[in-house]
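S.K.: this is a predicted model, with the sequence first.
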Amino acid sequence: MAKKEVVVQIKLQAPGGQATPAPPVGPALGQHGVNIGQFVKQFNDQTKSLNGMIVPIVITVYNDKTFTFVVKSPPAAVLLKEKAGVAKGSGVPNKEKVGKVTMADCREIAERKMVDLNAHDLDQATRIIMGTARSMGIEVV
């Protein structure tokens, strides 16, 4: 069997378990000739446990119009907003704080995101998450 040639890699963010053929998924895949319905079904089956949480996906499209995809962990900002119970981060994070998370929350998020973070150990990953919280106006207590 001949090796499939990669045509393009598409990076998207979609709600886990609730993706539809509407933008951003449909147009991004349609222009490369991928079966959108097939992708949406497979993606929703694989991410139904995430229940609407935004997750990054990397879709690899091959020259025969087939595809594979990898679902990454949700962005740290989304996880922090969920833990702090806020709708969005602060517009002026150095002056206006919108919520609080504990060190344990940051560590838990770091454990979940460890494979996607550029850190060698859990302490460094926790510091990355704390920095994200700080830049969103969420206090770490």
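M.R.: Right, received. Where do you want to start? Numbering: from 1, shown residues only.
S.K.: in this structure, which spans are helices?
M.R.: In the chain, the helices defined using DSSP state H lie at 25-30, 36-46, 76-84, 103-113, 122-136.
S.K.: could I get the buried residue list for the shortest one?
M.R.: Meaning helix 25-30. Buried residues in helix 25-30, defined by neighbour count with 16 or more other C-beta atoms under 10 Å: V25, G26, A28, L29. Glycine gets a C-beta too; all of them are placed from N, C-alpha and C.
S.K.: show me this structure divided up by domain.
M.R.: In the assignment given by automatic domain parsing, the structural domains of the chain cover 6-71, 76-140.
S.K.: before we move on, back to that, make a markdown table out of the helices of the chain and add distance to I10.
M.R.: Written out in a markdown table, the entries for those read as follows (distance: least, C-beta to C-beta, whole Å):
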| stretch | distance to I10 |
| --- | --- |
| helix 25-30 | 5 |
| helix 36-46 | 10 |
| helix 76-84 | 20 |
| helix 103-113 | 22 |
| helix 122-136 | 25 |
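S.K.: how near is K97 to G137?
M.R.: With distances taken as C-beta to C-beta, to the nearest Å, K97 is found 5 Å from G137.
S.K.: now this structure, which segments are flagged as low pLDDT?
M.R.: Flagging of the chain using pLDDT under 70 yields the residue ranges 1-2.
S.K.: show the end-to-end separation of stretch 27-39, please.
M.R.: The first and final residues of stretch 27-39 sit 13 Å from each other (C-alpha to C-alpha, to the nearest Å).
S.K.: what separates it from the chain centre, distance-wise?
M.R.: Using C-alpha atoms, centre = their mean, to the nearest Å, the distance from the centre of stretch 27-39 to the centre of the chain it belongs to is 20 Å.
S.K.: follow-up on the earlier one: can you list the buried residues of helix 25-30 in TSV and add distance to N35?
M.R.: Formatted as TSV, the entries for these read as follows, by distance: C-beta to C-beta, whole Å:
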residue	distance to N35
V25	12
G26	11
A28	13
L29	8
